[in-house]
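Colleague: sequence-free structure coming up:
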């Protein structure tokens with residue numbers, strides 16, 4: 001497996017698993033308690049609980065990452081495009097999160113960079129096939 005595809009599969013799968021786990025915990029316990037967070041963190045956001053953000057995290061972030069990883073594994077012709085979308089969704093999620101609740105965890109910049117890298121590698125895959 002080419003290094004670009006391998007990097008995408010590993011990174012996308014790792015991010016997908018984290019998004020699925022965190023999203024599920026927010027849905028199960030919308031107060032954020034399972035993630036060590038409080039609803040006070042949401043004071044500057046339009047949300048009163050973590051339920052809707054948890055659903056979005058699970059479906060949109062986790063789902064696009066998992067689909068992009070699966071597409072790379074299966075060598076789908078549009079896998080590069082799916083990685084671009086997954087990277088943009090991840091970077092966008094983090095950007096909106098920071099805008100709404102602030103920079104409060106070291107994972108935020110790391111995940112933003114991961115989103116940019118995934119999008120960039122997806123673009124590379126799209127160009128090189």
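Modeller: Perfect, thanks for sending it. Note that the coordinates shown come from a computational prediction; the quantities given were computed from them, not determined experimentally.
Colleague: burial count for residue 125?
Modeller: Residue neighbour count, defined by other C-beta atoms under 10 Å, stands at 21 for residue 125. From N, CA and C alone the C-beta is placed, and that goes for glycine too.
Colleague: sec struct for it, please.
Modeller: The three-state label for residue 125, taken from DSSP: H, G, I helix; E, B strand; the rest coil, comes out as helix.
Colleague: that one contacts residue 83, correct?
Modeller: Yes. Using C-beta atoms under 8 Å, residue 125 is in contact with residue 83, at 6.3 Å.
Colleague: which residues are common contacts for those two?
Modeller: Taking C-beta atoms under 8 Å, 6 or more residues apart in numbering as the criterion, residue 125 and residue 83 both touch 8, 72.
Colleague: surely residue 37 touches residue 49?
Modeller: No. Counting by C-beta under 8 Å, residue 37 stays clear of residue 49, with 10.7 Å between them.
Colleague: please identify which of those two sits among more neighbours.
Modeller: More crowded of residue 37 and residue 49, by other C-beta under 10 Å: residue 37, with 18 against 14.
Colleague: ok, and the closest non-adjacent residue to the more buried one?
Modeller: Setting aside the residues directly before and after it, residue 37 is nearest to residue 50 in space (C-beta to C-beta, 6 or more residues apart in numbering), at 7.1 Å.
Colleague: show me what contacts that neighbour?
Modeller: Here residue 50 is in contact with 26, 29, 30, 31, 32, 35, 37, 39, 42 (C-beta under 8 Å, 6+ apart).
Colleague: mind redoing it with 7 Å?
Modeller: Residue 50 sits next to 26, 30, 32 when contact means C-beta atoms under 7 Å, 6 or more residues apart in numbering.
Colleague: in a markdown table, list those along with pLDDT.
Modeller: Shown next, in a markdown table, are the contacts of residue 50 (pLDDT from 0 to 100):
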| residue | pLDDT |
| --- | --- |
| 26 | 98 |
| 30 | 97 |
| 32 | 95 |
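Colleague: can you redo the residues you listed as TSV with distance to residue 20 and secondary structure?
Modeller: Shown next, in TSV, are those (distance: C-beta to C-beta, whole Å; DSSP: H, G, I helix; E, B strand; the rest coil):
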residue	distance to residue 20	secondary structure
26	11	helix
30	17	coil
32	17	coil
